[in-house]
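Asker: After the sequence you'll find the predicted model.
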Amino acid sequence: MRRSAPLLTLLTGLVLGLVLLTLNATTGTRASSSAREASPGQAASRSPAASRSPAASPSGSASPSRSVPANADYAGRTDDDTSAVAVSMRGGRAIAYFCDGRDQESWLKGDVEDDGGMRLTGKNGGVLNGTLEEGRRIRGTVDLNGTRYGFTADKAIKPSGLYRATATVRGALVDSGWVVLPGGGQVGITKRDGRPGPAPRIDPETGAVTIDGERLTARPVTP
């Protein structure tokens, strides 16, 4: 009996140790499982919120298109009745011709503003300032060689308007311009190698003209 007592004590200790070891292993497994089960929830809590789309920038308003005066031709005389003026307008541009039918002339060109105002300039220092009035006429002034001429040019119906012919005739450079007035009147200058003189009449229906014995064709002038 004395020898069996220590043996029982040893067996009891071994059984107790095995029970504690089993409990520790079970508790550790459950704790690990709980930690792993909690991970998806934590990841979900860290998921970023849906990104916001940037606000659309307001579109700029389209700039209004320029309203240019209608294409047309104008012809008339100066206030003192000494000279003639013709203006041809196309697409917001204008070309004009001033001449007295003897030795004073000027070709001028420039832009036409939306309101019909215009300032046309020529190579020889000529300046035309005018205003289109309701599309019916142009009133203004021409400054040339120190003299200012007031003028009124009414809307022209073909064959009235502005004409020009250039060619080499008998070795001379010929440059002619005409203002054909409403009613059939004509004022023009022909330059031969730069020397001005009165221009012969043209046939306004065809533009035919004879200069120094040679048949030429005067054509309408546009910008």
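Answerer: Arrived safely. Numbers count the residues shown, from 1 in each chain.

Asker: going forward, measure contacts and count neighbours with C-alpha atoms only.
Answerer: Will do.

Asker: Do you have the helices of the protein handy? List them.
Answerer: For the chain, the helices defined by DSSP state H occupy 4-46.

Asker: helices and strands of it: which one bottoms out on pLDDT?
Answerer: In the chain, the helix or strand scored least confidently by mean pLDDT, DSSP states H and E is helix 4-46, which has a mean of 47.

Asker: So what sits opposite the residue nearest to residue 202 when sequence neighbours are not counted in the bridge?
Answerer: Once flanking residues are discounted, residue 202 sits nearest to residue 209: 4.7 Å by C-alpha to C-alpha, 6 or more residues apart in numbering. Taking DSSP bridges, one obtains residue 216 as the residues bridged to residue 209.

Asker: Residue 85 too?
Answerer: Bridge pairing for residue 85 - DSSP bridges - gives residue 76, residue 98.

Asker: I'd assumed residue 101 was in contact with it.
Answerer: No - counting by C-alpha atoms under 8 Å, residue 85 stays clear of residue 101, with 11.0 Å between them.

Asker: The two: which has the busier surroundings?
Answerer: residue 85 (30 against 23; other C-alpha atoms under 10 Å).

Asker: which regions of this structure lie under the pLDDT threshold?
Answerer: Low-confidence segments of the chain, defined by pLDDT under 70: 1-66.

Asker: Show the end-to-end separation of stretch 199-217, please.
Answerer: End-to-end distance for stretch 199-217, by C-alpha to C-alpha, to the nearest Å: 13 Å.

Asker: neighbouring contacts of that stretch?
Answerer: 101, 159-160, 165, 167, 169, 176-178, 180, 186-190, 218-219 (C-alpha atoms under 8 Å, 6 or more residues apart in numbering).

Asker: buried stuff in it?
Answerer: Across stretch 199-217, burial judged by 16 or more other C-alpha atoms under 10 Å covers 199, 200, 201, 202, 204, 207, 209, 211, 216, 217.
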